[in-house]
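Enquirer: Sequence and predicted model, in that order:
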Amino acid sequence: MELLNKALTKKKERPVKVLQFGEGNFLRGFVDYMIDIANEKGYFDGDIVLVKPIEFGTLDRLHNQECQYTVSLRGIVDGKAAVQNRIVTSVTDAVAACEEYEKYSAYAKLDSLRFIVSNTTEAGIVYDDTDRLEMTPPHSYPGKLAKFLYERYKHFNGAADKGLVMLPVELIDDNGIHLKECVMKLADLWQLEDGFKTWLNEACVFCSTLVDRIITGYPKDEDKELWEQFGYEDNLIVTGEPFALWVIESEKDISDELPLVKAGLPVIFTDNQKPYKQRKVRILNGAHTSFVLASYLAGNDYVLQSMEDKLVYDFMYHTIYDEVIPTLTLPEKELKDFAEAVVTRFNNPYVKHALLSIALNSVSKWRARCMPSFLGYVENTGKLPEHLTFSIAALMAFYTGSEIRDKALIGKRGEEEYKILDDEAVLQFFAENSAKETEEFVKLFLSNEEFFGQDLTKVDGLTAQVTAYLNEIKELGMRGAMEKNFAK
């Protein structure tokens, strides 16, 4: 069987418009996939060069296949399980910034280049004051980018039309703002001329972005079977879900230069991404955090199992529609359409999403994802939201344990042990307090301002209601308590 290559895909070579720091599954199954569609529909006409930004790893598999690969999107489409396969040909080459510095740096002088995409992990956008201009290349991603941009500025004599558009997708708030701050600080550290800083501000665009798609990566357990279906060998297959959303915030409108919307792709250009971030965090992530701990203690192990459990499904549904959506600011139809997509994603039969993996750091997750909806509901209605209030009791029940072993608090589901993973201070708190009388335990937890940034015992009626819910969980079990309070 032939290995996938450019001859097989009949790749059309296009001008290189995108340099991408990061060659991993997410970018290849998200950004590069979208650009491939925009190319096919005649809107973009640009190729991508991947950059391996760190010394670790190899580009051999990419070179062996001439950067051609298959994206297989699997999930619920129009109410039915579906698989959508696409050979992506938008990537033309891959280069190692450290091992092939001269080849990499030459792209700074490429006339057609316009966009820089990056996914260097959340820890990638950091200011490193040990970076130096003379390094080939500097250590950090912002250091590499600052030097790359400076070399471009020098080569084109500061031409205003040779600035670049930065599109970081690292999962931190205001990623573009932070990236620009790092680059500007390095320009100061390296004592670069004011003209370069002006060029950064006026000719370059640093976008903040929000991305959403579950990428499940290489299907190692079924690759041979897929090769038979495809009719070729592909060691770079990327699997993921059909749902996608890319929100791009910028001060200048770049939608004509990056015409993904015209190609029918799920991209939103805006001058304020915060409502979309809020929508994702509160509906998608908030739903996860509000139901997974209860679902696990009710006997489920995976998200899909939870959705097939009517009691848990109804709990999740009413949390989103009755308690979260009313606290958000986007138009109601947009919110409900997004919520419907979230429920569809939770029902994806191709994604095996373990509840215990979502349970990691649940105390800080509840604060970030659920507490704003909880407090907004209280402010709007003067009442406690039943489901979000119960989620506090479920969290406390899940975190109940007295033994810390191998940096994990040990909980029990019946006779089965499970590991609770969180910050050391959180685990210590529960180890010391979860065996106390219920009301005392609840008061200690809700009043812990390090956990919540405020004293939640001041919310009228909350302590009594969480205490009642937690007592019911102890007496009836999680499923029994949920049935008593939420079974319709």
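Expert: Right, received. Where do you want to start?

Enquirer: Stretch 209-224: end-to-end distance?
Expert: From its first residue to its last, stretch 209-224 covers 36 Å (Cα to Cα, to the nearest Å).

Enquirer: mean confidence score for it?
Expert: Stretch 209-224 comes out with an average pLDDT of 95.

Enquirer: What residues of that stretch count as buried?
Expert: Of the residues in stretch 209-224, 209-216, 219 count as buried by neighbour count, 16 or more other Cβ atoms under 10 Å. C-beta: built from backbone N, CA, C; applies to glycine.

Enquirer: Next: stretch 111-129.
Expert: Result for stretch 111-129 [16+ other Cβ under 10 Å]: buried residues 113-120, 124-125, 127-128.

Enquirer: go on, stretch 128-140?
Expert: Across stretch 128-140, burial judged by 16+ other Cβ under 10 Å covers 128, 131, 133, 137-140.

Enquirer: cool, and stretch 446-454?
Expert: In stretch 446-454, the ones that count as buried by 16+ other Cβ under 10 Å are 446, 448, 451-452.

Enquirer: Inside strands: which ones of the residues you listed?
Expert: Among the buried residues of stretch 446-454, DSSP state E puts none in strands.

Enquirer: K6: which of the buried residues of stretch 128-140 is nearest?
Expert: For the buried residues of stretch 128-140, the closest approach to K6 (Cβ to Cβ) belongs to P137, at 28.0 Å.

Enquirer: of the buried residues of stretch 111-129, closest to V459?
Expert: If you rank the buried residues of stretch 111-129 by distance to V459 using Cβ to Cβ, I125 comes first, at 35.9 Å.

Enquirer: which ones are touching I268?
Expert: Contacts for I268 (Cβ atoms under 8 Å, 6 or more residues apart in numbering) come out as 245-248, 261, 276.

Enquirer: of all those residues, which two lie farthest apart?
Expert: Among the contacts of I268, V261 and Y276 lie farthest apart (Cβ to Cβ), at 14.5 Å.

Enquirer: Take the contacts of I268 and write them to TSV, including secondary structure, neighbour count and distance to C370.
Expert: Formatted as TSV, the contacts of I268 follow (DSSP: H, G, I helix; E, B strand; the rest coil; neighbours: other Cβ atoms under 10 Å; distance: Cβ to Cβ, whole Å):
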residue	secondary structure	neighbour count	distance to C370
L245	strand	19	21
W246	strand	22	25
V247	strand	23	22
I248	strand	22	27
V261	coil	16	32
Y276	helix	19	18
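
Enquirer: can you put those residues in JSON lines and add distance to N433 and pLDDT?
Expert: Formatted as JSON lines, the contacts of I268 follow (distance: Cβ to Cβ, whole Å; pLDDT from 0 to 100):
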{"residue": "L245", "distance to N433": "40", "pLDDT": "97"}
{"residue": "W246", "distance to N433": "43", "pLDDT": "98"}
{"residue": "V247", "distance to N433": "40", "pLDDT": "98"}
{"residue": "I248", "distance to N433": "45", "pLDDT": "98"}
{"residue": "V261", "distance to N433": "52", "pLDDT": "98"}
{"residue": "Y276", "distance to N433": "38", "pLDDT": "96"}
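
Enquirer: If anything else comes up later, I'll come back, but that's it for now.
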